[in-house]
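# Give me the fold of what follows.
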Amino acid sequence: MLFAAYKDVLLFILAIYGAVLSTFNFAQARRKEQRNIEFRVSLTRPTFGPQYDQPFARLEAINVGQRVVSIRALYFALQSGEKLNTPKNDKFIHETDSRLPAELADGQIAHVLIAYSTIANALVKIGRVEELMLVPVCEDTSGNIHRGKPWTFNTRQWAEA
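Numbers count the residues shown, from 1 in each chain. From the prediction side, this is the model:
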């Protein structure tokens, strides 16, 4: 009688362990199959040439998932969600932007360089001359929108006179 009770308790514990392990494996497999984009916004400055010392924002989208992601667009948006229209900047001749759309495998990076003055002038055009938060945004070819951490930008400091 005591053996039967131990056997039942042991089988119950084994069943619970199997259910927890199956749930964990399912969740991990789903995470691997999802599109997973991480963002970085950094400052870059050329150290030679005609644009010497002009600051550029380097907006990078990194595929940190195992699934291949096709990136359609990289841009900044206001926190309200409105896209910030920054004209294509061909001034930075020492490094070219990633050609979009771009297919990113695990660990690959797509990037866009935008001059601080270009960002500031686009903000001035829409009447935003204060310090504000810009959100890096990435659109993939399946229509998903991935947002990064907000980035503080001071319009007055960088707007052209």
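
# quick one: the helices in the protein?
In the chain, the segments counted as helices under DSSP state H are 2-33, 116-125, 155-158.

# Distance to residue 81, mean pLDDT and mean neighbour count for the ones you listed - can I get that in a markdown table?
Glycine gets a C-beta too; all of them are placed from N, C-alpha and C. Formatted as a markdown table, the helices of the chain follow (distance: least, CB to CB, whole Å; pLDDT from 0 to 100; neighbours: other CB atoms under 10 Å):
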| stretch | distance to residue 81 | mean pLDDT | mean neighbour count |
| --- | --- | --- | --- |
| helix 2-33 | 26 | 91 | 10 |
| helix 116-125 | 15 | 89 | 18 |
| helix 155-158 | 19 | 83 | 14 |
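
# can you redo the ones you listed as a markdown table with distance to residue 45?
Output for the helices of the chain, formatted as a markdown table (distance: least, CB to CB, whole Å):
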| stretch | distance to residue 45 |
| --- | --- |
| helix 2-33 | 37 |
| helix 116-125 | 10 |
| helix 155-158 | 13 |
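
# out of these, which comes closest to residue 47?
Among the helices of the chain, helix 116-125 comes nearest to residue 47, with 16.3 Å by CB to CB.

# Many thanks, I have nothing further to ask.
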